[in-house]
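>>> Sequence plus predicted model, see below.
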Amino acid sequence: MHVVTRFAPSPTGALHLGSARTALFNWLFARHHHGTFLLRIEDTDRERSTETSVQAVFDGLKWLNLTWDQEVVFQFSRAAMHVTAAHQLVEKGKAYYCYATPEELDQMRAEAKAKGLPPRYNGLWRNRSPNEAPSGVRPVVRLKMPQQGATHVDDLVQGPVTVSNAQLDDMVLLRSDGTPTYMLSVVVDDHAMGITHVIRGDDHLTNTFRQLQLYEALGWTPPQFAHIPLIHGADGAKLSKRHGAVSVDSYRTLGYLPEAMCNCLLRLGWGHGDDEIIAREQAIAWFDIAHVGKAPARFELARLDHLNAHYMRAIPDAELAERLKPFLAISLNEKQHQRLLKSLPSLKQRTKTLIDLAKMATPYLTEAPLCYTTEALEVLYSPGNRAIIDGIFPLLAASTWTAVALETTLREFTEAKSIGFGKVAQLLRWALTGCKVSPGIFEVLEALGQSESLARLQSACDPKGG
RNA sequence: GUCCCCAUCGUCUAGAGGCCUAGGACCUCGCCCUUUCAAGGCGGCAACACGGGUUCGAAUCCCGUUGGGGACGCCA
């Protein structure tokens, strides 16, 4: 069987983490089975769909490297086909025109609720002739759902689930303006596009029963369903804006790598033994629906941080430098680029995001004289410390510029003067980077190069402040 | 309110009746390494929600309770 999956977001906002995971699972499932992964934009809600949101979906998927096969399908452009399907159902007596007004609907829901029943449409026009239609009311088309029995689904994740048909009311297929609803469009499109597996959030599980009835009425074989649990925030509720950054794009802006994001999303609700770091190819090889859990998972930033730190270290320095560039305040000249490359191996051990890395790399990219913080100035102004710098300066000026030679030079100096090596190293760190924390001091010296290092020491002896 | 789903360390999870005195990872704590901070290494803390069954044996199967979540639109 040739597997065909789809990711079908509605373009009504940024690409949500939960949606991204749904896309990932669909993509992985298709790739694992050498199948096809399709993208369909569900833009039938003309009020809320925006071009910006469509672009956000494209950008997000591309960033995550979730490439889709074939042309993007815009659902609204297929509306005519959906409408035709609805009209056929009316002709066959499987759907009907309903002239109930919004007020009437509100009332019947309120009444049902008062009786302890689920708030549903009561079938007011199910058996009435359109001849009785009130003038001036444009009707909707509703599906005639079975009122007896039950609807059953064998969900790939949720297992067998049955719902009494009494719980289901006659859903709207065509709005009063004649446009198709989501329920109609998904079914017609999934069928037309040959979707074999619908993998989506389990907030759609209850919709599935209605859709199954629609497949039945249309005489089509439904696809297989896999309803994956939602992603929750720290408080255990469905991840939403109030949990903070919730869009894929915001994590890109925050300096996370798509590799880390995908790995993180993958492990939310799916596992493979003790494996934690799972790169793309491995994920394709291992991914299966059978190991998708049924319980919702909470998204925690600490995990993403950890994975991001890992992937930053794993990426080759030249590539990391390229990815870092958008986060740098300045555009690099060749000299700065070389310095960045030299400093990256040790810098990337110390940071979790590209933003952190950019911040920590900055001292390497600027030119002497440095602008020191007051904290730095306090250290540098201290008379004893200035004497030390004065003592070191000529030694460094005469030294060979390799980490090994520099270490020998400095060790000899501290031993001769009986100063703790750590004290000198920390002082040099302040003078050379203006920071309290940096990679090993010899690495710093080497990455900066002799002339820049000496220039900085000089500026440290005559600090301007900043 | 009605229906549906879920339940292993704080978090993500492994676990398909004996391999479980429950494993890994994140977080956290301690130690080692050490010129700072990291990284790395070693170690500690920490969980089968509760109650009944079934079984020689249950984290695993069944029932109930509790707790959580989701869905109930002319949104998707």
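That came in fine, so what should we check first? Numbering: from 1, shown residues only, chains lettered A, B, ... in the order given.

>>> For the stretch 251-400 of chain A, what lies in contact range of RNA strand B?
A:267-271, A:273-274, A:276, A:290-291, A:293-298, A:300, A:302-303, A:305-306, A:309, A:313, A:346, A:349-351 (CB under 7 Å from any atom of the strand). Quick note: C-beta positions are derived from backbone N, CA and C, even for glycine.

>>> Kindly recompute the last result at 6 Å.
Residues of the stretch 251-400 of chain A lying close to RNA strand B by CB under 6 Å from any atom of the strand are A:267-269, A:271, A:273-274, A:276, A:290-291, A:293-298, A:300, A:302-303, A:306, A:349-350.

>>> Kindly report the same for the stretch 101-250 of chain A.
A:102, A:105, A:109, A:113, A:116, A:118-120, A:140, A:158-159, A:161, A:163, A:167, A:172, A:175-176, A:181-182, A:202-203, A:205-207, A:230, A:236-238.

>>> Give me the buried entries from those residues.
Buried members of those, scored by 16 or more other CB atoms under 10 Å, are A:105, A:109, A:120, A:140, A:158, A:161, A:163, A:172, A:176, A:181-182, A:202, A:205, A:230.

>>> Need the residue in chain A that's farthest from the chain's center.
A:Ala416 (56.4 Å; CA atoms, centre = their mean).

>>> So which of the residues of the stretch 251-400 of chain A next to RNA strand B belong to strands?
Under the assignment DSSP state E, these contribute A:297-298 to strands.

>>> Got a quick ChimeraX command for the buried subset of the residues of the stretch 251-400 of chain A next to RNA strand B?
To isolate the buried ones among these in ChimeraX, judged by 16+ other CB under 10 Å, type:
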select /A:267,268,269,296,297,303,306
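
>>> In helices, which of the residues of the stretch 251-400 of chain A next to RNA strand B appear?
A:302-303, A:306 (DSSP state H).

>>> a markdown table for these, including pLDDT?
Putting these into a markdown table (pLDDT from 0 to 100) gives the following:
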| residue | pLDDT |
| --- | --- |
| A:Ala302 | 95 |
| A:Arg303 | 95 |
| A:His306 | 97 |
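
>>> can you pull the contacts of A:Thr414?
Neighbouring residues of A:Thr414 by CB atoms under 8 Å, 6 or more residues apart in numbering: A:420-421, A:424.

>>> Near RNA strand B, list only the ones from those residues.
Answer for these near RNA strand B (CB under 6 Å from any atom of the strand): A:Phe421.

>>> Turn the buried ones among the contacts of A:Thr414 into a named ChimeraX selection, would you?
To isolate the buried members of the contacts of A:Thr414 in ChimeraX, using 16+ other CB under 10 Å:
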select /A:424
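
>>> can you redo the contacts of A:Thr414 as TSV with pLDDT and secondary structure?
Putting the contacts of A:Thr414 into TSV (pLDDT from 0 to 100; DSSP: H, G, I helix; E, B strand; the rest coil) gives the following:
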residue	pLDDT	secondary structure
A:Gly420	88	coil
A:Phe421	91	helix
A:Val424	90	helix
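
>>> What pLDDT is listed against A:Leu61?
At A:Leu61, the model reports a pLDDT of 98.

>>> Tell me how far stretch A:129-144 lies from the chain's centre.
Put simply, stretch A:129-144 sits 44 Å off its chain's centre (CA atoms, centre = their mean, to the nearest Å).

>>> Quick one: end-to-end length of it, please.
Criterion CA to CA, to the nearest Å; first-to-last residue distance in stretch A:129-144 is 14 Å.

>>> List the buried residues of that stretch.
A:139-144.

>>> just those residues now: which is nearest A:Ser10?
A:Val140 (20.2 Å; CB to CB).

>>> Show me what the closest one bridges to in the sheet.
For A:Val140, the beta-bridge partners are A:Cys98 (DSSP bridges).

>>> pretty sure it is in contact with A:Val172, am I right?
Yes: A:Val140 lies in contact with A:Val172 (CB atoms under 8 Å); the separation is 4.8 Å.

>>> Can you work out which residues contact both of the two?
A:Cys98.

>>> Just give the closest residue to A:Met1, not the sequence neighbours.
A:Thr196 (6.6 Å; CB to CB, 6 or more residues apart in numbering).

>>> Got the phi and psi for that neighbour?
Dihedral angles of A:Thr196 (phi, psi; degrees, to the nearest 10) stand at phi -100, psi -30.

>>> For it, which residues are in contact?
A:Thr196 neighbours (CB under 8 Å, 6+ apart): A:1-5, A:35, A:223-224.
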